[in-house]
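Engineer: Here is a sequence with its predicted model. Questions after.
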Amino acid sequence: MSAARKITRDDIMPLEDFTKIRTERRRELMAPKRLRRLSLGPDATLYFESYDTMWFQIHEMLYIEKGGEEQIADELTAYNPLIPNGSELVATMMFEIDDEVRRAKVLYGLADVELKTYVDVGGEKIFAVPEQDVERTSPDGKTSSVHFLHFPLSAAQRERFKTEGTDIVIGCEHPNYPHMVRLSEESRAELARDLD
């Protein structure tokens with residue numbers, strides 16, 4: 001797995017080459033992605049991103065959409081901000097609710113949920129800083145089903161996070177979604193790789 005912080009045009013494989021390694025690369029990512037996936041309450045899942053997950057995602061988009069050279073710059077622009085910079089964790093938070101009526105009801109009750117989501121490192125909460133690409137809560141109070149969250153950690157917090165056995169909790173303090181979950185030691189060790 002790579003510790004690089006940015007994907008460049010030079011990192012993009014020709015589509016025919018990616019097609020040959022696609023299945024193998026997906027298989028290689030399964031174990032780390034499982035450790036980077038965290039269910040928060042009944043409806044939200046956080047997917048902690050990395051260079052490797054974003055590299056694969058860009059290639060998947062190019063594979064699926066077949067947009068060629070013109071598509072590459074847009075994909076780099078979209079996904080590079082989701083690669084941790086060494087002093088943060090980055091997660092895609094998704095509210096995955098199949099029932100359309102229930103989904104609308106839940107999302108209308110979660111305005112600004114992205115501002116209430118946190119990582120607790122040994123008793124110290126770090127609240128998410130959402131991507132500013134678009135407004136994620138509509139004027140009528142409905143939140144998006146997808147949020148891109150940055151958790152900036154101080155040098156001391158990063159060192160605590162990297163220390164084996166540190167208690168790490170991911171949580172949400174939104175009054176309509178008060179949930180938290182403790183990170184396993186295996187997941188803590190995997191996410192610690194994102195921190196310099």
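Structural biologist: Here it is on my side, so go on.
Engineer: what ranges of the protein fall below the confidence cut-off?
Structural biologist: 1-4, 133-135 (pLDDT under 70).
Engineer: Once you drop chain neighbours, what's closest to R37?
Structural biologist: Y47 (5.6 Å; C-beta to C-beta, 6 or more residues apart in numbering). Where you see a C-beta, it was placed from the backbone N, CA and C, and this is true even at glycine.
Engineer: can you pull the buried residues of stretch 124-133?
Structural biologist: Buried residues in stretch 124-133, counted by 16 or more other C-beta atoms under 10 Å: I126, A128, P130, E131.
Engineer: whoops, stretch 153-167 was the one
Structural biologist: L153, Q157, R158, R160, F161, K162, T166.
Engineer: for the chain, what spans make up the helices?
Structural biologist: For the chain, applying DSSP state H gives helices covering 15-36, 51-65, 69-79, 100-108, 155-162, 185-192.
Engineer: Looking at these, which is nearest to S138?
Structural biologist: helix 100-108 (9.2 Å; C-beta to C-beta).
Engineer: Give me the helices and strands touching that closest one, please.
Structural biologist: When contacts are defined as 3 or more C-beta pairs under 8 Å, 6 or more residues apart in numbering; DSSP states H and E, helix 100-108 packs onto strand 88-95.
Engineer: So what touches the strand it packs on?
Structural biologist: 40, 43-49, 82-84, 103, 106-107, 110, 114, 117, 119, 128, 143, 145-153, 191, 194-195 (C-beta atoms under 8 Å, 6 or more residues apart in numbering).
Engineer: In PDB, could you pull the C-alpha coordinates for that strand?
Structural biologist: Taking C-alpha atoms only, strand 88-95 is exported to PDB below (Å, rounded to 0.1, in the frame of the first residue of the first chain):
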ATOM      1  CA  GLU A  88      -5.600  13.900   9.100                       C
ATOM      2  CA  LEU A  89      -8.000  11.100   8.600                       C
ATOM      3  CA  VAL A  90     -10.500  11.400   5.700                       C
ATOM      4  CA  ALA A  91     -13.800   9.500   5.400                       C
ATOM      5  CA  THR A  92     -16.700   9.300   3.100                       C
ATOM      6  CA  MET A  93     -19.800   9.000   5.300                       C
ATOM      7  CA  MET A  94     -22.800   7.500   3.600                       C
ATOM      8  CA  PHE A  95     -26.400   7.100   4.900                       C
END
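Engineer: Buried residues, it. List them.
Structural biologist: Applying 16+ other C-beta under 10 Å to strand 88-95 flags E88, L89, V90, A91, T92, M93, F95 as buried.
Engineer: got CSV for those residues, with distance to R5 too?
Structural biologist: Output for the buried residues of strand 88-95, formatted as CSV (distance: C-beta to C-beta, whole Å):
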residue, distance to R5
E88, 11
L89, 13
V90, 11
A91, 16
T92, 17
M93, 21
F95, 28
